[in-house]
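[1] fold the following, please.
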Amino acid sequence: MKADIRYYTRLFARIVSDLKRMFSHVEEDGLGKVYFNMIGVDNMYGGEVKAISRVLNMIPEFFQARAGIASTKFVSYIAAISSQINSATKVSGHSSEIATFLAPFSVHMLPVSQKVISDFKKFGISTIGDLTSHDLNHIGSRFGAEAYRAWKLGLEMVFLQ
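    Numbers count the residues shown, from 1 in each chain. Presented below is the predicted three-dimensional model:
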């Protein structure tokens, strides 16, 4: 059976509209992925847990929603995809805890080209932890600016807006 993309698109638009009524900044990133700023949820919704519960409860079960709470979009995304269905994962804002959380994930999760991923693999770098175990200057000089940026994401030194 073929998915009804128009139906899912309309339903997702409704969910995004509902999120925009809840949060000050909501950003879509393709069908099924959305980022929102949770600053101020303590006052408005009684904390992160209640706010995320409200969000997850407004999404139809068949979407198998997951949420990630973190200081940046990249870490939030990784936290979300590592969550159980209809639940959330929160990652602390401390750099060492973020690096530990990200370490076991594949370099395929990094927003870099397939060429950089292939180059990493040839060098024996398969996880974000493998990548960040190397010196930043070495990574930058061997693989270029895109790899340099990926290394910084792996240690959470770049804050995405």
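
[2] pull the residues that contact stretch 37-52.
    Applying Cβ atoms under 8 Å, 6 or more residues apart in numbering, the contact partners of stretch 37-52 are 22-26, 54, 67, 69, 88, 90. C-betas here are computed from N, CA, C, even on glycine.

[3] for that stretch, how far is the first residue from the last?
    12 Å (Cα to Cα, to the nearest Å).

[4] pull the distance from it to the chain's centre.
    Here stretch 37-52 is found 19 Å from its chain centre; the criterion is Cα atoms, centre = their mean, to the nearest Å.

[5] ok, back up a step: of the contacts of stretch 37-52, which is the most crowded?
    With neighbours taken as other Cβ atoms under 10 Å, the top of these is Ala67, carrying 23 neighbours.

[6] sticking with that one, tell me its helix or strand.
    Applying DSSP states H and E as the criterion places Ala67 in strand 66-69.

[7] who touches that strand?
    Contacts to strand 66-69, defined as Cβ under 8 Å, 6+ apart, come from residues 38, 48, 52, 55-56, 75-91.

[8] flag whichever of the contacts of stretch 37-52 scores worst on pLDDT.
    Least confident of the contacts of stretch 37-52 in the model: Ser24, at 85.

[9] Three-state assignment for that one, please.
    Taken by DSSP: H, G, I helix; E, B strand; the rest coil, the conformation at Ser24 corresponds to coil.

[10] for the residue nearest the centre of the chain, which non-adjacent residue is closest in space?
    With distances taken as Cα atoms, centre = their mean, Tyr77 lies nearest the centre of the chain, 1.3 Å away. Nearest non-adjacent residue to Tyr77, counting by Cβ to Cβ, 6 or more residues apart in numbering: Gly68, 6.2 Å away.

[11] what's the local residue count around the one you found?
    Residues lying near Gly68 (other Cβ under 10 Å) number 21.

[12] and it, bridged to which residues?
    Listed by DSSP bridges, the beta-bridge partners for Gly68 are Thr89.

[13] check what pLDDT it gets.
    On pLDDT, Gly68 comes in at 96.

[14] how far away is it from Ile39?
    16 Å (Cβ to Cβ, to the nearest Å).

[15] okay, buried residues for stretch 46-60 please.
    Within stretch 46-60, the residues scored as buried using 16 or more other Cβ atoms under 10 Å are 51-53, 55-56, 59.

[16] filter those down to the ones in helices?
    The helices, defined by DSSP state H, take in 51-53, 55-56 from those.

[17] redo those residues as TSV? Include pLDDT and distance to Ile128.
    Output for those, formatted as TSV (pLDDT from 0 to 100; distance: Cβ to Cβ, whole Å):
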residue	pLDDT	distance to Ile128
Ala51	93	28
Ile52	95	25
Ser53	95	29
Val55	95	27
Leu56	96	26
